[in-house]
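Undergrad: After the sequence you'll find the predicted model.
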Amino acid sequence: MKEIISSAQAPQPIGPYSQAVKVGNTLYTSGQIAINPQTGELEMETIESETRLVMENLKALLHEAGMDFSHVVKCSIFISDMNNFARINEVYGSYFTADFPARETVQVACLPKNVNVEISAIAVK
């Protein structure tokens, strides 16, 4: 049975999708971008602050499902410029302490709202 997970602490969907879906013990998040959930505005001052807001949005969805980053088993990272990889990776890595999830990072031609980074996660409790 699927359960729709929604949090006011994460941006509301900008299309026909759910913020996250939980099936059994597994949570699938939609890709998160740097939209401030309080203002609905993009925040892209630096790639580090943009990545941090993306991770905070993921954190809010994990929390809503009774999970945290220790439950994440897989992430997908989409970036607009591979030259930002190291800076994104540094922020991303600060949210995990051990037993890092599997992941892929790919450069894409364009992301929603022309952001620089989008991250989704799969977590299991």
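TA: Nice, thanks for sending it over. Numbering: from 1, shown residues only.
Undergrad: Report the separation between residue 36 and residue 49.
TA: 11 Å (CB to CB, to the nearest Å). Every C-beta, even on glycine, is put in place using the N, C-alpha and C of the backbone.
Undergrad: got any residues that touch both of the two?
TA: Listed contacts common to residue 36 and residue 49 are residue 43; contacts here mean CB atoms under 8 Å, 6 or more residues apart in numbering.
Undergrad: Return the residues in contact with the residue of the chain most remote from its centre.
TA: The outermost residue of the chain relative to its centre, with distances by CA atoms, centre = their mean, is residue 1 at 23.4 Å. Contact analysis of residue 1 by CB under 8 Å, 6+ apart lists 23-24.
Undergrad: which stretches of the protein form helices?
TA: 47-64, 85-93 (DSSP state H).
Undergrad: The ones you listed into TSV, with extra columns for mean pLDDT and mean neighbour count?
TA: Output for the helices of the chain, formatted as TSV (pLDDT from 0 to 100; neighbours: other CB atoms under 10 Å):
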stretch	mean pLDDT	mean neighbour count
helix 47-64	98	21
helix 85-93	98	16
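Undergrad: Make JSON lines out of the ones you listed and add distance to residue 125.
TA: Putting the helices of the chain into JSON lines (distance: least, CB to CB, whole Å) gives the following:
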{"stretch": "helix 47-64", "distance to residue 125": "10"}
{"stretch": "helix 85-93", "distance to residue 125": "21"}
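Undergrad: Out of those, the one nearest residue 107 is which?
TA: Closest to residue 107 of those, according to CB to CB: helix 85-93, at 8.4 Å.
Undergrad: ok, back up a step: what's the spacing between the residue farthest from the centre of the chain and residue 22?
TA: 9 Å.
Undergrad: what sits against residue 10?
TA: Taking CB under 8 Å, 6+ apart as the contact definition, residue 10 lies against 19, 32, 37, 57-58, 60-61, 64.
Undergrad: Alright, I will stop here.
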